[in-house]
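**Student:** Sequence first, then the predicted structure, then my questions.
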Number of protein chains: 2
Amino acid sequence: MYNRRVSIADLAQQLNVATSTVSRALSDHSDVSEATKGRVRQLAEKLNYRPNHLASGLRKGRSGTLGVLVPHLTGHFFPEVLHTITTEATKAGWHVMICESNEDEHQERKNLDLLLNAQVEGVLVSLASSTRDFGHFEAVRQQVPLVFFDRVPEDPSFSAVVLDDYRGAYQMTAHLIEQGRTRIAYFTGPLHVSVFHHRLRGYREALLAHGLPFEAQLVHESDLSVQAGRQGMAQLLTLSQRPDAVLTAKDVAAVGARQVLEAQGLGVPDEVALASFSNARFTELAAPGLTSVDQQCAALGRAALRLLLEQVRAAGRPVAPCHLLLAPRLLLRESSQRPLHLRKVG
Amino acid sequence: MYNRRVSIADLAQQLNVATSTVSRALSDHSDVSEATKGRVRQLAEKLNYRPNHLASGLRKGRSGTLGVLVPHLTGHFFPEVLHTITTEATKAGWHVMICESNEDEHQERKNLDLLLNAQVEGVLVSLASSTRDFGHFEAVRQQVPLVFFDRVPEDPSFSAVVLDDYRGAYQMTAHLIEQGRTRIAYFTGPLHVSVFHHRLRGYREALLAHGLPFEAQLVHESDLSVQAGRQGMAQLLTLSQRPDAVLTAKDVAAVGARQVLEAQGLGVPDEVALASFSNARFTELAAPGLTSVDQQCAALGRAALRLLLEQVRAAGRPVAPCHLLLAPRLLLRESSQRPLHLRKVG
DNA sequence: ATGAAAGCGCTAACAG
DNA sequence: CTGTTAGCGCTTTCAT
C-alpha cells in the first residue's frame, strides 16, 4: 500500500558506492567529487529519498528540534508569537514542537516530559497561570537550555524575555492622566502572575508620580474575562464618585466594561476613557477603537528564540541567565482620547 | 554544565541486569518479575531516566508522531481545531508536529518535506489558499495516511472532513428570508477554495428555492478582510435598490460591512440584517451580537484525527477514501433577527 | 524470568 | 576522493 522508504543503503547499492559516500554527497561534503554528488542527488530525487531524521538525530546526538510550551493557542497573543518562532526557527533549520499546558501545572509537567523525551535541544516556555511550583523546570534546565517568555517565573536565575509591563502600565496611566483623567480605575489579573504584578506597580507609581492617590477601591482583581469586566465595571459605578477612566490588564475585560458603560448611557471616551493591554484584532475593529499597550508579539518571539539559540549554540558552556525587557508601545486610539473641545489647553 | 542523559545501558549496569531486561521492565512487559520491575522503575525515577524517542522510534520503525499542516495560526478557527487535535492525540499517546504554510503553496511543499523527514506516521492538512497543484500531496499519500480538513482538494480520492458549507449557507440564507429579507447580498472569498464554492452554491439555491432571484450584482468576491467588507458594503449602497441583508463568508468582512452601515446611519438589524460564517470571539462580543454559522472547531478536529488514526491503524491495508460532512449549526444572534414589531405574522 | 546479540538508518573516524 | 567499520539507544528475536 505505502511505498517502502528508500534509505542511503538503497542509493549506495544502486550506485555501487559506499553508504558513507552517499551520506557525504547528500550533505554536500567537500571531499566528494562533483560527479558522484550529481549521480547521488539525481537518484535520490528520482527515488524520492528522504533523510531519516530519527536515525541521523540518534547518530549525531542532536535532534534538531526545539520545544515550545504555551498555556494555550487561543486568543491573539500566543498564535502570533508562535508564528514568529516557528517561522524563524524553521528558517534556521530547526524543527519545532508546540505543546499547550491548558493553563494547568500538571499538564505543563507532562508536556515537558514529552519534549525532553523527544530529545529537544532547547525549550521556550510561557507559564501556565496555575503554576506555583517550579521544580519541574529545575529538572529541565539541567538537561537543556531553557528560556521563558511573557509569563515568566520570579526566580531571576531563569532566562526570560518579557515586555516591560511596568513601563507599559506606567506610560498608559500617564497617558490617561495627560488626557485630564483623575480617577483611573484598574482591572488586574491574578497577582501571582508576574505580568499582572508588574502592571499594577506601573499603574500605582504613575498615579503617585503625578500626585494622584492610589485607591484600593478602584482596583479590581479577576480573571479578566468579559464577564469579569462587566462585574468590575458595574461595581465601580456603585461608588459615590465614579471613575473617569478604566485601564484593564487584558483587552477582553475592557469589552465587558464597555458593554456596561454603554448600557448605562455613559460615553466612551467622553465620560469614561478606556484603555487596555494587548492588541487583539477587536481592539482595532471595535468602534471606537480601543487604546491599548501593544504586545509586540513578533519582537518578543524573535528575542526569545534568539536567546534560546544563543544558549543552545553555547553547547554546554555555562551561560549567565539573561533578562530581556522589551520597550512597550502605546497604541492610542479613540477610546482614551479626550475630544478636543474638552481638553485642557496648555 | 548539562547532565548527561541516562540510558537504559546505565540503568542495566547499575542494577547488574541486561539492557533487554530493563527495556522490558520499563515497558511493563509481562515476563519480567515484579521485583525487577520495581527496582528498575525506582532507579529510573531516581536518575531521572527518559526514554530516547529517537532511538526507540528508529528501532521500532515508528516515530509515534503525527503532522498537522495549517495555513496559519491566527484567527479563531485553526487554533481552536489544533487545540482539539493536540489534546486528543496526546491523550492517545501521539506526538504532534504543527506547521504553518502561511497560505503559500511553496511553503506547504517545504513543510510536507519537513514532516515526512521527521517520519510522521500520518498527516492532517488544511490547504493554503494559493494551492492549485496537488502533486506534492500525491507524494505524501504514497508514504503515509493523509487526511484533509476544512480546506480540502476537490479530488474525491483524498480523505477529507469538512463542515457542510453548502447546508450552512443554505440554512442561513433561508433564515434571513424567514426574517422577511428579500434582497440578500453575499460576500464570498476566492471561489477556487472549496468552502467558498460550496457556500455560494448554498446561498444561491436557498434563494431560488424560496422564489428569490440570484443577482450577480449582490455577490461580491474578495479576500474577506475588514477592508474588503467595507468596500463591498460601500459598493452595495450605490445600487438603486439597496439590500436588506448581507451574508458574509467570513466574520471579519461582516465587521467591515457593519462599520460602513453605521457610518451611513443604517441600523443593524432594523434596516440591514447581518450574518456570517465562523464563531470568533468578537461575533459574540460585538453589539449587537453577530449571527453566524458555527464552525464547530472541536467536532471537526476530533473527526479529522479519528479518521487519520483509523487509517494509521489500518497499517498499510488499503483504505477507501472517506468524506465526512459535519452538520452546521446556526448561532442566531441579534444582528439578523427582525425586531418583533416589524416581523410578518404568520 | 533473564541474557546475548543483532540491527533500525545514519554519520564520523580512520584507512587507504 | 572513497570504502570500511563502529556505534548512537533502543527493541526484539532467540537462547537459556
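**Tutor:** In hand now; what should we look at? Numbering: from 1, shown residues only, chains lettered A, B, ... in the order given.

**Student:** make it CA atoms for all contacts and neighbour counts henceforth
**Tutor:** Will do.

**Student:** Does stretch A:95-108 reach chain B?
**Tutor:** Yes. Judged by CA under 8 Å from any CA of the partner chain, stretch A:95-108 and chain B are in contact via A:96, A:97, A:98, A:99, A:100.

**Student:** out of the residues you listed, which is most surrounded?
**Tutor:** residue A:99 (29 neighbours; other CA atoms under 10 Å in any protein chain shown).

**Student:** Identify the residue nearest it in space, chain neighbours excluded?
**Tutor:** residue A:69 (4.8 Å; CA to CA, 6 or more residues apart in numbering or on different chains).

**Student:** cool, residue A:163 as well?
**Tutor:** Nearest to residue A:163 is residue A:326, by CA to CA, 6+ apart, at 4.6 Å.

**Student:** ok, that neighbour - contacts?
**Tutor:** Shown in contact with residue A:326 (CA atoms under 8 Å, 6 or more residues apart in numbering or on different chains): A:161, A:162, A:163, A:164, A:299, A:300.

**Student:** Quickly note the distance from the fifth one to DNA strand D.
**Tutor:** Distance check for residue A:299 against DNA strand D: by CA to the nearest atom of the strand, to the nearest Å, it reads 36 Å.

**Student:** can you pull the pLDDT of that residue?
**Tutor:** Looking at residue A:299, its pLDDT reads 96.

**Student:** now check the helix or strand containing it, is it near chain B?
**Tutor:** Using DSSP states H and E, the element containing residue A:299 is helix A:297-314. No. Applying CA under 8 Å from any CA, one finds helix A:297-314 separated from chain B by no less than 10.6 Å.

**Student:** Quick one: list the elements packing against that helix.
**Tutor:** helix A:77-91, strand A:123-125, strand A:146-149, strand A:159-163, strand A:323-326 (3 or more CA pairs under 8 Å, 6 or more residues apart in numbering or on different chains; DSSP states H and E).

**Student:** 7 Å - rerun?
**Tutor:** In this structure, helix A:297-314 packs against helix A:77-91, strand A:146-149, with contacts taken as 3 or more CA pairs under 7 Å, 6 or more residues apart in numbering or on different chains; DSSP states H and E.

**Student:** Return the helix or strand in chain A with minimum mean pLDDT.
**Tutor:** helix A:281-285 (a mean of 65; mean pLDDT, DSSP states H and E).

**Student:** Who are the contact partners of residue A:246?
**Tutor:** A:184, A:185, A:186, A:273, A:274, A:275 (CA atoms under 7 Å, 6 or more residues apart in numbering or on different chains).

**Student:** secondary structure element for it?
**Tutor:** strand A:245-248.

**Student:** Quick check: can you name the pairing partners of that strand and their directions?
**Tutor:** strand A:184-188 (parallel), strand A:273-277 (parallel) (DSSP bridges).

**Student:** ok, then the element right after it?
**Tutor:** Next element after strand A:245-248 (DSSP H and E): helix A:251-263.

**Student:** Now do the same contact list for residue A:18.
**Tutor:** Residue A:18 neighbours (CA under 7 Å, 6+ apart): residue A:12.

**Student:** Oops, could you answer that again for residue A:245 instead?
**Tutor:** A:181, A:183, A:184, A:185, A:272, A:273, A:274.

**Student:** list the contacts for the residue in the stretch 101-250 of chain A that DNA strand D sits nearest to?
**Tutor:** Proximity of the stretch 101-250 of chain A to DNA strand D (CA to the nearest atom of the strand) peaks at residue A:117, 8.9 Å away. Counting by CA under 7 Å, 6+ apart, residue A:117 touches B:50, B:51, B:52, B:53.

**Student:** Of these, which ones also sit close to chain A?
**Tutor:** B:50, B:51, B:52, B:53 (CA under 7 Å from any CA of the partner chain).

**Student:** In helices only, show me these.
**Tutor:** Counted as lying in helices by DSSP state H, out of the ones next to chain A among the contacts of residue A:117, are residue B:53.

**Student:** In JSON lines: the ones next to chain A among the contacts of residue A:117, plus pLDDT and neighbour count.
**Tutor:** Converted to JSON lines, the ones next to chain A among the contacts of residue A:117 look like this (pLDDT from 0 to 100; neighbours: other CA atoms under 10 Å in any protein chain shown):
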{"residue": "B:50", "pLDDT": "94", "neighbour count": "18"}
{"residue": "B:51", "pLDDT": "95", "neighbour count": "21"}
{"residue": "B:52", "pLDDT": "96", "neighbour count": "18"}
{"residue": "B:53", "pLDDT": "95", "neighbour count": "21"}
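
**Student:** Quickly name whichever of the ones next to chain A among the contacts of residue A:117 is closest to residue A:320.
**Tutor:** Closest approach to residue A:320 among these (CA to CA): residue B:50, at 26.5 Å.

**Student:** list the contacts for the closest one?
**Tutor:** Here residue B:50 is in contact with residue A:117 (CA under 7 Å, 6+ apart).

**Student:** So it versus DNA strand D, what's the distance?
**Tutor:** 6 Å.

**Student:** Can you pull the phi/psi pair for that residue?
**Tutor:** phi -130, psi 130 (degrees, to the nearest 10).

**Student:** quick one: which of the contacts of residue A:245 is most hemmed in?
**Tutor:** residue A:274 (30 neighbours).

**Student:** My guess is that one contacts residue A:335. True?
**Tutor:** Yes. The criterion here is CA atoms under 7 Å, and residue A:274 meets it with residue A:335 at 5.3 Å.

**Student:** shared neighbours of those two, anything?
**Tutor:** A:268, A:290, A:291.

**Student:** interface residues of the stretch 101-250 of chain A facing DNA strand D?
**Tutor:** Within the stretch 101-250 of chain A, no position lies close to DNA strand D (CA under 7 Å from any atom of the strand).

**Student:** which residue packs closest to residue A:237, ignoring adjacent ones?
**Tutor:** Residue A:237 sits nearest to residue A:243 (CA to CA, 6+ apart), 7.8 Å away.

**Student:** For the closest residue to DNA strand C within the stretch 201-346 of chain A, give me the pLDDT.
**Tutor:** For the stretch 201-346 of chain A and DNA strand C, the shortest gap (CA to the nearest atom of the strand) falls at residue A:315, measuring 14.9 Å. In this prediction, residue A:315 carries a pLDDT score of 73.

**Student:** how much space between it and residue A:121?
**Tutor:** 10 Å (CA to CA, to the nearest Å).

**Student:** more crowded one of the two?
**Tutor:** residue A:121 (25 against 15).

**Student:** before we move on, the earlier item: does the residue nearest to residue A:99 belong to a helix or a strand, and which?
**Tutor:** strand A:65-70.

**Student:** quick check, that strand touching DNA strand C?
**Tutor:** No. Strand A:65-70 stays out of contact with DNA strand C when judged by CA under 7 Å from any atom of the strand, the minimum separation being 14.7 Å.

**Student:** Give me the sheet partners of that strand and which way each runs.
**Tutor:** Counting by DSSP bridges, strand A:65-70 is paired with strand A:95-100 (parallel), strand A:123-125 (parallel).
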